[in-house]
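S.K.: Generate coordinates for the sequence data below:
(2 chains)
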Amino acid sequence: MRWVYVEELKKYVGEEVELRGWVRRKRSSGKIAFIDFRDGTGFVQVVVEKSTVGDEQFLNADKLRLESSVIIRGKVREDERAPGGVEVLATEVHPVQIPQEDFPIQKPDHSIDYLMEHRHLWLRSRRQFHIMRVRDAVIKAIRKFYWERDFVQIDTPIFTGAIGETAGNLFEVDYFDYGKVYLTQTGQLYLEAACMAFGKVYNLGPTFRAEKSKTRRHLIEFWMNEAEVAYYNHEDNMQLQEDLVYYIVQYVLEHAYDDLVAIGRDVSKLEKVQKPFPRMTYTEAVKFLQNRGFDIKWGDDFGGDEETVLAKQFDSPVFITHYPRQAKAFYMQPDPTNPEVVLCDDLLAPEGYGEIIGASQRIHDYDLLVERLKENNLPVEKYDWYLDLRKFGSVPHSGFGLGVERTIAWIAGLEHIREAIPFARTLYRVHP
RNA sequence: UCCGGCGUAGCUCAACCGGCAGAGCGGGUGGCUGUUAACCACUAGGCUGGGGGUUCGAGUCCCUCCGCCGGAGCCA
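M.R.: Prediction:
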């Protein structure tokens, strides 16, 4: 008999099939039992009738408990009474393993602490199933986008020396006799090296920030997609970001629409995302906020509340550009028309999900870069290889980093970013 | 790190001004051929997060430690 997955059941109406999976829930009467069955591709109801299967098989069904693993054989049929329109009338029920204790997650009313403590089992629940499929769609979209544009994937290292954006916020690791190394905060500097070799490059991988951040938008370990392109200026860079984010939204709408609906996402909000995305300079944004009564002066960075107010004016993500250079990283190229600001942009997602992209054109002039390193009290000698890039055929280049979980949280409409990653690492949780 | 909150049965929560620790769900037993978080009956289940203090008496008030949650700063 043919082993099939739930997602393809509709092709087998009228046929006998074998299903391999788990019991999500069970309701049983004396002579009929209903099993909510799942196999990782979907959910289907299995009906076990005593009159059809006989006493022995019925007993097999009756002794199943929540999250028992089970192999079921039966006939696929359409039935209006079944959730989803298709159900399986069992002929054989073969338990694989029956738990000896209660499954810890029974009802949808557990505390978040309890659910996170049981994340390894919580992943089996319906809502988490759909969220992870949205995550999968977002990541597939990212890879497909770059693949279609002939970018080269360059995997940047996880262990790095003491360079990156900021000296603090780094996780230290002992590296044999070498001494201390650090978990990566960004692969940008390595991508800058790679773009001078391959032109258009990107990465996708985990990054780590030892920030004691405790908000719905922060993870200690999160995934980032970064891209870097030689000869791209700031404008080219923003165009690429806009194309990518728009592409991701369209891809998810096309390939994970049912998952979005299943978790209650207001899909119309995503359908309103349009190109071109609105743009605002930092200076305009400060004036806008001041007019709304915010206590903010030119030179300050935006907090969560400020970002939310700015982003909520628009249906699409909004670019905030040309920040003061003191507020940004050392490697950003000054604006030739106003050296107090740099050629950078942050992309803020709608609905208060905050910054999903940080981007800039990079300094390509050797002397200027050294000057900026000194200005920021960074150890110039540790940036030896990074400075080399400015010695040998240096060109203007630009790039950005997209926060994958923040993008997922926005697209899926999640209240907290911890549900956007299979096993979240937050300030007070590394288990499981 | 700072500010605030919570911790009572396996889970989610009650318990008035300090006065006998309760319910629903889940578990067990029995019943039920169309259930959707099934339903009905019966049943077992507790060192009220740890330690200390006030009091005739503490789940409740005070101190402290632990755990978690929400927010701030910082960031994607």
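
S.K.: Can you get me a residue count around residue A:309?
M.R.: Neighbours of residue A:309 under the rule other C-beta atoms under 10 Å: 16. To be clear about C-beta, it is placed using only N, CA and C from the backbone, and glycine gets the same treatment.

S.K.: contacting residues for it?
M.R.: Shown in contact with residue A:309 (C-beta atoms under 8 Å, 6 or more residues apart in numbering): A:289, A:292, A:294.

S.K.: next one: phi and psi at it?
M.R.: Note on residue A:309: its backbone torsions stand at phi -60, psi -40 [degrees, to the nearest 10].

S.K.: rewinding a little: among the contacts of residue A:309, name the buried ones.
M.R.: A:289, A:294 (16 or more other C-beta atoms under 10 Å).

S.K.: Let's have the contacts of residue A:309 in JSON lines, adding distance to residue A:75 and pLDDT.
M.R.: Below are the contacts of residue A:309 laid out as JSON lines (distance: C-beta to C-beta, whole Å; pLDDT from 0 to 100):
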{"residue": "A:289", "distance to residue A:75": "64", "pLDDT": "91"}
{"residue": "A:292", "distance to residue A:75": "64", "pLDDT": "87"}
{"residue": "A:294", "distance to residue A:75": "65", "pLDDT": "85"}
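
S.K.: Out of the contacts of residue A:309, which comes closest to RNA strand B?
M.R.: Nearest to RNA strand B among the contacts of residue A:309 is residue A:294, at 10.6 Å by C-beta to the nearest atom of the strand.

S.K.: Quick check: nearest residue in space to that closest one, chain neighbours excluded?
M.R.: residue A:306 (6.2 Å; C-beta to C-beta, 6 or more residues apart in numbering).

S.K.: wait, does the host helix or strand of the one you found contact RNA strand B?
M.R.: Per DSSP states H and E, residue A:306 falls inside helix A:304-311. Yes: contact between helix A:304-311 and RNA strand B, assessed by C-beta under 7 Å from any atom of the strand, occurs at A:304, A:305, A:307.

S.K.: got it, and stretch A:241-260?
M.R.: No: Stretch A:241-260 stays clear of RNA strand B (C-beta under 7 Å from any atom of the strand), getting no nearer than 10.4 Å.

S.K.: Flag every buried residue along that stretch.
M.R.: Those would be A:241-242, A:244-249, A:251-253, A:255-256, A:259-260, for stretch A:241-260 by 16+ other C-beta under 10 Å.

S.K.: do stretch A:414-432 as well
M.R.: A:414, A:417, A:418, A:419, A:420, A:421, A:424, A:426.

S.K.: Show the contacting residues for residue A:99.
M.R.: Contacts of residue A:99 by C-beta under 8 Å, 6+ apart are A:65, A:66, A:67, A:68.

S.K.: now chain A, which segments are flagged as low pLDDT?
M.R.: A:83, A:162-168 (pLDDT under 70).

S.K.: For it, just list every one of the helices.
M.R.: A:50-62, A:112-117, A:119-122, A:126-148, A:188-198, A:234-255, A:257-262, A:267-271, A:282-291, A:304-311, A:366-375, A:384-388, A:404-412 (DSSP state H).

S.K.: Most tightly packed of those?
M.R.: helix A:404-412 (a mean of 26; mean count of other C-beta atoms under 10 Å).

S.K.: helices or strands next to that helix in the packing?
M.R.: helix A:126-148, strand A:221-230, helix A:234-255, strand A:344-349, strand A:354-362 (3 or more C-beta pairs under 8 Å, 6 or more residues apart in numbering; DSSP states H and E).

S.K.: between the ones you listed, which gets nearest to residue A:431?
M.R.: Residue A:431 lies closest, by C-beta to C-beta, to one member of these: strand A:221-230, at 13.6 Å.

S.K.: what's the angle between that closest one and strand A:354-362?
M.R.: Going by axes from the mean of the first three to the mean of the last three C-alpha atoms, to 10 degrees, strand A:221-230 is angled at 30 degrees with respect to strand A:354-362.

S.K.: Point out the other elements, helices or strands, that strand A:221-230 touches.
M.R.: Using 3+ C-beta pairs under 8 Å, 6+ apart, strand A:221-230 is in contact with helix A:188-198, strand A:200-208, helix A:234-255, strand A:397-403, helix A:404-412.

S.K.: got the angle between it and helix A:234-255?
M.R.: Using the same axes, to 10 degrees, strand A:221-230 lies at 130 degrees relative to helix A:234-255.

S.K.: State the distance from the residue sitting nearest the centre point of chain A to RNA strand B.
M.R.: Geometric centre of chain A, nearest residue: residue A:405, 2.9 Å, by C-alpha atoms, centre = their mean. Note on residue A:405: its distance to RNA strand B, by C-beta to the nearest atom of the strand, to the nearest Å, is 5 Å.

S.K.: Count the neighbours of residue A:159 for me.
M.R.: 11.

S.K.: Now do the residue lying closest to it once chain neighbours are set aside against residue A:51, distance only.
M.R.: Spatial nearest neighbour of residue A:159, excluding adjacent residues (C-beta to C-beta, 6+ apart): residue A:181 at 4.8 Å. Counting by C-beta to C-beta, to the nearest Å, the separation of residue A:181 from residue A:51 is 68 Å.

S.K.: now residue A:149
M.R.: Taking C-beta to C-beta, one finds residue A:149 at 60 Å from residue A:51.
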